[in-house]
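**Q** sequence plus predicted model, see below.
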Amino acid sequence: MRRMPMAVMAAWCVTTICGGGWALAGEEGWKAPAAEQAARNPVPRKAAMRAGKKTFELNCIPCHGPAGRGDGPAAAAMTPKPKNLIAGYVQEQTDGELFWKITTGRGSMPSWRQLPEKERWSLIHYIRSLARAKTQ
């Protein structure tokens, strides 16, 4: 499966958000089903970090920025702004919730269902590491 280059992804984000008019504000109402919330990450953290970082760099930086703070190059044109992935309300979600949100998408957050499941789980480990790096 071919991945979208960062510049193309940034353009997609800007075009979709500015022209689409369907972006949803806030986290209210975006709850993963209970069964999805309970899902456990099957990928060992240590083994996942390299793959998760690569997936993040290829697909997430345009909107969420290199540190995951929601300040990527496409973020300035987005309403609502991309979520700060190191914020407590994101980090407090279960791995299953994050996996479900990455997989299904909503509003300006695209679905990443096309990524292999193992990459999406690895990405969650990497997102968690961004918050740990902030506290060090």
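**A** Looks like it arrived, so ask away.
**Q** report the buried residues of the lengthiest helix in the chain.
**A** Ranked by residue count and defined by DSSP state H, the top helix of the chain is helix 117-135. Judged by neighbour count using 16 or more other CB atoms under 10 Å, the buried positions of helix 117-135 are 119-131. Glycine gets a C-beta too; all of them are placed from N, C-alpha and C.
**Q** need the max-distance pair from those residues.
**A** Between any two of the buried residues of helix 117-135, the greatest separation by CB to CB is 19.7 Å, found for Glu119 and Ala131.
**Q** on contacts alone, who are the packing partners of the longest helix of the chain?
**A** Counting contacts by 3 or more CB pairs under 8 Å, 6 or more residues apart in numbering; DSSP states H and E, helix 117-135 is packed against helix 45-59, helix 88-91, helix 95-104.
**Q** can you pull the contacts of Gln37?
**A** Each residue near Gln37 by CB atoms under 8 Å, 6 or more residues apart in numbering is listed here: Lys31, Thr94, Gly96, Glu97, Trp100.
**Q** one more time with 6 Å, if that's ok
**A** Residues counted as contacts of Gln37 (CB atoms under 6 Å, 6 or more residues apart in numbering) are Thr94, Gly96, Glu97.
**Q** where does it land on pLDDT?
**A** Per-residue confidence (pLDDT) for Gln37: 96.
**Q** how about Glu97?
**A** In this model, Glu97 is scored at 98, pLDDT.
**Q** repeat for the one 10 residues further on
**A** Model confidence at Gly107, expressed as pLDDT, equals 87.
**Q** burial measure for it, as a count.
**A** Using other CB atoms under 10 Å as the criterion, Gly107 is surrounded by 17 other residues.
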